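[1] coords please:
(one chain, ligands or ions: 1)
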Amino acid sequence: MDMLIGGKHISSDDLEEVINPYNDEVIDTVPIAHRQTADLAIDEANKAKSALVEMSAFKVSNKLFNVVEKLKDNREDFAELLTLEVGKPINESLVELDRSIETLKLAAEEAKRIYGESVPLDAGLNGKGFFAFTQRLPLGVVAAITPFNYPLNLTIHKIAPAIACKNTVIIKPPTEAPLTVMKFAELLNDEFPDGVVNTITGYGSEVGDYLVCSPNVDKISFTGSITTGMMISQKAGMKKVTLELGGNDPMVVLKDADIEKAVKGVINGAFLNAGQVCMGVKRIIIEEEIADEFAEKLVSETEKLVMGNPLDKTTTLGTLISKKAAMQVEETVNNAVEDGAKILTGGVRRDAFYEATVIDNVKPDMDLVVRETFGPVAPIIRVNGLDEAIEVANGTEYGLQAGVFTNDYSKAMRCVQEIEAGTVFVNKQSTFRTDNMPFGGFKSSGVGKEGIKYSVEEMTKTKLIGLNLR
Ligand code: NAD
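    Okay, the predicted model is just below:
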């Protein structure tokens with residue numbers, strides 16, 4: 001598939017193969033762009049700014065709604081392509097499509113709600129006699145840099161609100177899974193003037209970095225790992241940056257919790273997309289008194305998962321993004337076992353597959369839970385009491401989301417207040433998001449919020465206009 005720049009299809013002499021992680025077959029190739037092409041994309045995106053700004057909010061909204069309809073019409077095709085390039089079960093890809101449609105719809109609605117406010121300057125010293133109001137204006141060019149695990153919905157979370165508030169966009173899709181995003185960009189391009197939507201493929205360290213450093217890009221909206229995010233924040237200079245980074249989400253299960261509910265939360269939270277979810281359940285922090293019963297029930301439910309061809313509708317556990325990624329998970333789990341952790345079920349890798357794994361006796365200082373393990377692993381950390389549970393929950397550099405299972409209102413409130421995370425759910429695992437909610441982590445998990453309305457805030461600048469009526 002070619003890149004889309006200024007409404008034209010652009011290729012390159014160098015091509016990268018996009019591989020299906022399930023069978024190693026080449027699905028397609030994409031260009032490996034270099035800096036010159038990134039410059040072209042930046043140029044075209046800048047040239048298209050005025051055409052978009054001149055468009056009424058009414059028209060922008062309607063055009064986004066038109067794309068909603070087109071995406072709905074092509075839902076199955078998009079889902080199949082997503083499964084081929086990511087290796088996630090087809091049913092999960094269909095859910096990503098439904099969420100993508102919803103995200104786009106929210107942006108189409110938000111396009112009509114880009115309000116300023118009147119400001120009472122007379123509340124300040126010497127402000128009497130003014131009439132003042134604010135306007136929210138587009139920043140200009142937004143670069144969207146996105147990861148492989150939810151490539152379509154996470155890209156739409158950036159480009160749809162960006163366009164809703166009249167920014168042009170350059171998309172740098174994930175290297176491993178660029179196709180679904182590039183196909184979607186074509187749908188948008190059919191509705192908007194040339195140059196409003198541009199895609200550029202190639203290596204993050206080259207074209208991604210070039211976009212980050214360019215003075216002619218006004219905002220970087222990035223989702224990906226902490227390592228890349230840190231680099232971006234150091235290089236972006238004066239431009240606005242939103243960073244949605246890694247997670248290592250705790251699930252705190254207290255002794256009065258509904259164990260079945262918590263077990264279901266782990267199944268839905270730790271194994272979704274083969275554990276490659278930023279807000280996945282990565283650490284089960286459980287009171288010793290109920291840990292044995294919980295572990296037994298969790299093992300029994302985990303063993304019901306069906307690993308297989310991701311295109312098969314009965315498959316509930318697909319591959320990881322690559323064999324290399326699966327090997328990394330295997331190594332991390334094996335190291336934990338060497339240090340005294342115990343695998344209760346799973347723990348075996350086959351090519352890019354890694355079995356759904358429950359691992360007990362995990363200590364908070366093991367690499368498995370100190371860093372984000374991006375695979376289908378449910379580590380159990382046994383604790384004594386609420387204080388220790390909260391201390392362990394807060395004991396990493398991450399702070400994306402968290403879930404607490406308890407029926408004790410006062411204990412739930414202590415967790416809600418003391419766990420350092422962008423979201424804390426009670427009696428729900430961290431792996432839950434509606435696409436309108438403010439989403440974004442504390443600590444190293446990120447800077448800024450997404451969720452259409454909140455993205456619009458981060459993709460506009462406020463101008464004050466004051467009329468002197470004295
Ligand atoms: P990654 O950081 O390796 O890559 C993300 C994107 O950044 C890719 O498009 C990549 O090509 C690009 N990139 C790489 N180096 C770059 C550079 N020097 N400059 C600019 N761009 C560069 O992440 P990944 O492995 O694709 O995704 C997994 C990570 O993403 C996990 O840590 C996961 O938790 C995180 N994630 C976070 C959220 C969230 O909303 N907080 C959502 C999904 C995934």
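[2] report how many residues lie close to the residue in the chain that the ligand sits nearest to.
    Residue of the chain nearest the ligand, by Cβ to the nearest ligand atom: Gly204 (2.1 Å). Bear in mind the C-beta positions are built from the backbone N, C-alpha and C, glycine included. With neighbours defined by other Cβ atoms under 10 Å, the count for Gly204 comes to 19.
[3] same question, Met307
    Neighbours around Met307, by other Cβ under 10 Å: 19.
[4] just checking, it touches Phe353?
    Yes: between Met307 and Phe353 there is a contact at 5.8 Å, judged by Cβ atoms under 8 Å.
[5] shared neighbours, these two?
    By the contact definition Cβ atoms under 8 Å, 6 or more residues apart in numbering, Met307 and Phe353 are jointly contacted by 317-318.
[6] can you pull out the helices in the stretch 1-150 of the chain?
    35-47, 49-54, 57-73, 75-86, 90-110 (DSSP state H, counting those that start in this stretch).
[7] can you add distance to Val252, mean pLDDT and mean neighbour count and give those helices back as a markdown table?
    As requested, the helices of the stretch 1-150 of the chain are arranged in a markdown table below (distance: least, Cβ to Cβ, whole Å; pLDDT from 0 to 100; neighbours: other Cβ atoms under 10 Å):
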| stretch | distance to Val252 | mean pLDDT | mean neighbour count |
| --- | --- | --- | --- |
| helix 35-47 | 44 | 98 | 19 |
| helix 49-54 | 46 | 98 | 15 |
| helix 57-73 | 38 | 98 | 17 |
| helix 75-86 | 30 | 98 | 22 |
| helix 90-110 | 26 | 98 | 22 |
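[8] distance to Glu418 added to those, as CSV?
    Output for the helices of the stretch 1-150 of the chain, formatted as CSV (distance: least, Cβ to Cβ, whole Å):
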stretch, distance to Glu418
helix 35-47, 44
helix 49-54, 45
helix 57-73, 40
helix 75-86, 36
helix 90-110, 31
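[9] of those helices, which is nearest Ile321?
    helix 75-86 (6.5 Å; Cβ to Cβ).
[10] wait, does the closest one contact the ligand?
    No: using Cβ under 6 Å from any ligand atom, helix 75-86 stays clear of the ligand, with a minimum separation of 10.7 Å.
[11] quick one, that helix and helix 57-73 angle?
    Helix 75-86 and helix 57-73 are oriented at 70 degrees to each other (axes from the mean of the first three to the mean of the last three Cα atoms, to 10 degrees).
[12] which neighbouring elements make contact with helix 75-86?
    strand 26-31, helix 90-110, helix 151-164, helix 179-191 (3 or more Cβ pairs under 8 Å, 6 or more residues apart in numbering; DSSP states H and E).
[13] near the ligand, which residues of the chain?
    Proximity of the chain to the ligand (Cβ under 6 Å from any ligand atom) is limited to residues 145-150, 154, 172, 174-175, 204-205, 208-209, 212, 223-225, 228, 231-232, 244-247, 278, 372, 374, 400, 446.
[14] of those, grab the buried ones for PyMOL.
    Here is the PyMOL selection string for the buried members of the residues of the chain next to the ligand, based on 16 or more other Cβ atoms under 10 Å:
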select buried, resi 145+146+147+148+149+150+154+172+174+175+204+208+209+212+223+224+228+231+232+244+245+246+247+278+372+374+400+446
